[in-house]
Structures are given as C-alpha cells and as structure tokens.
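In: Return atomic coordinates for the entry below.
(chains A and B)
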Amino acid sequence: DAKTTQPTSMDCAEGRAANLPCNHSTISGNEYVYWYRQIHSQGPQYIIHGLKNNETNEMASLIITEDRKSSTLILPHATLRDTAVYYCIATMEYGNKLVFGAGTILRVKS
Amino acid sequence: NAGVTQTPKFQVLKTGQSMTLQCAQDMNHEYMSWYRQDPGMGLRLIHYSVGAGITDQGEVPNGYNVSRSTTEDFPLRLLSAAPSQTSVYFCASSSPGQGNTEAFFGQGTRLTVV
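Out: Now for the predicted structure:
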C-alpha cells in the first residue's frame, strides 16, 4: 500500500465545507483511495473511495488530482456529528488488510 | 441485519489468562480481519481471512491465534494475556464478490490486562 500523509488536525465551522487533504505521492496505478472515519472510538465507518475520477455520495465528495498524487475529502456542510478522526488509505485490497495511519482529527465547532 | 457483532464489549484479564474475542457477521462476507488500536494511534492489522479455512498474519500477529471454520465467525484467541495486549480490538468484514469493497467494522472490544 502506498504511504499516505495527512494533517494531524483541522478545525471547521459548523455548516461550512470541511476539506481534508491527503498526500499519496507513491500511489500505484491500481491502488484506490479510500476514506474512513472513526467517531469517538467507535468502529471505523466507510465514507467513500475512488480510483481516478472524482466521486460523490450522500456523505461526501472525493476529489483526486489528475496525477493521483493527492486527494481531498469534502464534507459539504459539516455538522457537530462530523467531529471524528478521518483516515485516508491507498490500497489494492478490497476492504481487507487495511493500513491505517494516524489520520486527521476534524473538530467541527459551532 | 446486525452487521458485524463483537463480544464482549469490555473485558479485564489478569496476566497469563487466556480468552477468546468473538466476531460474527451476518452479511455472508468472505473477508474478515482483526485490528487492534492503542490510545492515540491508528488501527493495526493482527490477522485476516479471505474465506473459511484460510487465515494469514497481519502486521502484529504475535500473541494471537485465529481460525475460520465458518464464513460467519472469526474468533481471536489470546493464549496468555500480557499487559502489552491492553487495547481496543476491532473486527471487520468485507466482500469484493458482492461488489462491495468497503469494510464493515464492529463496535470493538475494550480489553485491559492487569
């Protein structure tokens, strides 16, 4: 799996968009970018994943640069319940053998 | 649909005791994994399985055994607990064969070894 680098922490105002960056400069062509989050020591929760194209679902959007060396997770209207640790993972493994880094602590403030 | 169920939720062991952490999933997923999470750190893979009868080691397998006799269950055994095994343990399942590449996690077992 390619190594990913994320900021240690970020703050976001409630109702604003939260943009969480991830660097994966050594990603290989068949590795996907996955995002998970962990709310208050619960089990991690899948958010979104993508290979090359930008992706959107009901939770978030994923923007991957054309060279695939970095990506950004966007929570369009952050709420207090989005306060969590967000993990960016680059992997060929389909939901198995995930390698978690330290992630980004996102604090949504009112 | 219960998803991934872990039992117990909390456990205190004395050094040298043995125990089994249970993990069950009702989604017919082929893949199952065990992770541990120490305070302030990300999850680390202990063991994983790609199907019944098939298991393999992850990043931190020492001190833990697993077996996969059924698709639904993937128990994690601590043969002789040590204080270094104090952690939160998460079980996960996934199924590429069903077109779902996301992993589903249980709510964790919080283990303290004294």
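
In: Closest residue of chain A to chain B?
Out: Closest contact between chain A and chain B, by CB to the nearest CB, is at A:Gly95 (2.6 Å). Glycine gets a C-beta too; all of them are placed from N, C-alpha and C.

In: That residue: neighbouring residues, count only.
Out: Using other CB atoms under 10 Å in any protein chain shown, A:Gly95 has 24 other residues around it.

In: wouldn't it be in contact with B:Glu102 here?
Out: Yes: the pair A:Gly95 / B:Glu102 is scored as a contact, 5.6 Å apart, by CB atoms under 8 Å.

In: Give the residues shared as contacts by these two.
Out: Both A:Gly95 and B:Glu102 are contacted by B:Ser94, under the criterion CB atoms under 8 Å, 6 or more residues apart in numbering or on different chains.

In: any idea which helix or strand carries the residue of chain A closest to chain B?
Out: Using DSSP states H and E, A:Gly95 sits within no helix or strand.

In: got a list of what it touches?
Out: B:Tyr31, B:Ala92, B:Ser93, B:Ser94, B:Ser95, B:Pro96, B:Asn100, B:Thr101, B:Glu102, B:Ala103.

In: quick one, helices of chain B?
Out: Using DSSP state H, no helices are found in chain B.

In: Identify the residue nearest the geometric centre of it.
Out: B:Trp34 (3.0 Å; CA atoms, centre = their mean).

In: Chain A too?
Out: A:Trp35 (3.7 Å).

In: For chain B, which segments are assigned as strands?
Out: B:4-7, B:10-13, B:19-25, B:31-37, B:43-51, B:54-57, B:64-66, B:76-78, B:87-95, B:100-105, B:109-113 (DSSP state E).

In: any chance of those strands in JSON lines, plus distance to chain A and mean pLDDT?
Out: Output for the strands of chain B, formatted as JSON lines (distance: least, CB to the nearest CB, whole Å; pLDDT from 0 to 100):
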{"stretch": "strand B:4-7", "distance to chain A": "8", "mean pLDDT": "98"}
{"stretch": "strand B:10-13", "distance to chain A": "12", "mean pLDDT": "97"}
{"stretch": "strand B:19-25", "distance to chain A": "11", "mean pLDDT": "98"}
{"stretch": "strand B:31-37", "distance to chain A": "4", "mean pLDDT": "96"}
{"stretch": "strand B:43-51", "distance to chain A": "4", "mean pLDDT": "95"}
{"stretch": "strand B:54-57", "distance to chain A": "9", "mean pLDDT": "95"}
{"stretch": "strand B:64-66", "distance to chain A": "14", "mean pLDDT": "98"}
{"stretch": "strand B:76-78", "distance to chain A": "15", "mean pLDDT": "98"}
{"stretch": "strand B:87-95", "distance to chain A": "3", "mean pLDDT": "95"}
{"stretch": "strand B:100-105", "distance to chain A": "3", "mean pLDDT": "84"}
{"stretch": "strand B:109-113", "distance to chain A": "8", "mean pLDDT": "97"}
